[in-house]
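> Next input, structure requested:
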Amino acid sequence: MGMNVGVSQTGAWSMGVSQGPLITKTYTKEDITPLPSGETDLANAVNETNVVSIDSTYDVLTSAGKYAVFLWKDKVFSSTFTAKWVGKSDRATTDSTVYLQVYNRDTTTWDEIDSESSVAADTDFTLEATVSTNLSSYIDVDGWISCRVYQRAI
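Residues are numbered from 1 along each chain as shown. As a prediction, this is how the structure comes out:
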């Protein structure tokens, strides 16, 4: 299943996510500060018609002076999990890094699994990581895993 999500931070920021054989439970987003420490769903639902594939259709979130955050939760059916995000920002990642994280249920913290800090504004880039060790640290008792992508709108 693919996911295509967009954020606008005082301009246009576009994001997308692609995962392997998963069933997505929720997609949420929020312009928020401070950055949430837990995995509770965010305030706004993502329009799921905009996240069925990686293309030029995006779900938009405007952020100014806060964190633009997209959170998604998926069910894992294998011994590995791959999160892939494809997108762009109107803010250069050299000015504000974009992070891909997965929620660690053992430590109750977010673990960074990829980031980008060298791309110019309005340039497509990819964040991708595969979790294959200690996968049980990230999956809840029902088989769900939580991921997020965020950038500080400064």
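> so what's Leu71 up against?
Thr26, Tyr27, Thr28, Lys29, Glu39, Asp41, Leu42, Ser146, Cys147, Arg148 (Cβ atoms under 8 Å, 6 or more residues apart in numbering). The way it works is simple: take the backbone N, C-alpha and C, and place the C-beta from them, glycine included.
> Closest to Thr62 out of these?
Lys29 (10.4 Å; Cβ to Cβ).
> Could you say which helix or strand holds that closest one?
strand 23-32 (DSSP states H and E).
> Would you mind writing the CA trace of that strand as CSV?
What follows is strand 23-32, C-alpha atoms only, in CSV (Å, rounded to 0.1, in the frame of the first residue of the first chain):
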residue,chain,number,x,y,z
ILE,A,23,-3.2,-2.6,6.2
THR,A,24,-3.3,1.0,7.4
LYS,A,25,-5.3,1.8,10.5
THR,A,26,-5.1,5.6,10.7
TYR,A,27,-3.5,8.6,9.1
THR,A,28,-3.5,11.8,11.2
LYS,A,29,-1.7,15.2,11.0
GLU,A,30,-1.2,18.3,13.0
ASP,A,31,0.6,21.6,13.2
ILE,A,32,1.8,21.3,16.8
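> tell me what that strand is packed against?
With contacts taken as 3 or more Cβ pairs under 8 Å, 6 or more residues apart in numbering; DSSP states H and E, strand 23-32 sits against strand 2-7, strand 44-45, strand 67-75.
> So which bits of stretch 130-143 are buried?
For stretch 130-143, a neighbour-count test (16 or more other Cβ atoms under 10 Å) marks Val131, Tyr138, Ile139 as buried.
> Touching, Glu116 and Asp124? I think so.
No: applying Cβ atoms under 8 Å as the test, Glu116 and Asp124 come out as separate, 10.8 Å apart.
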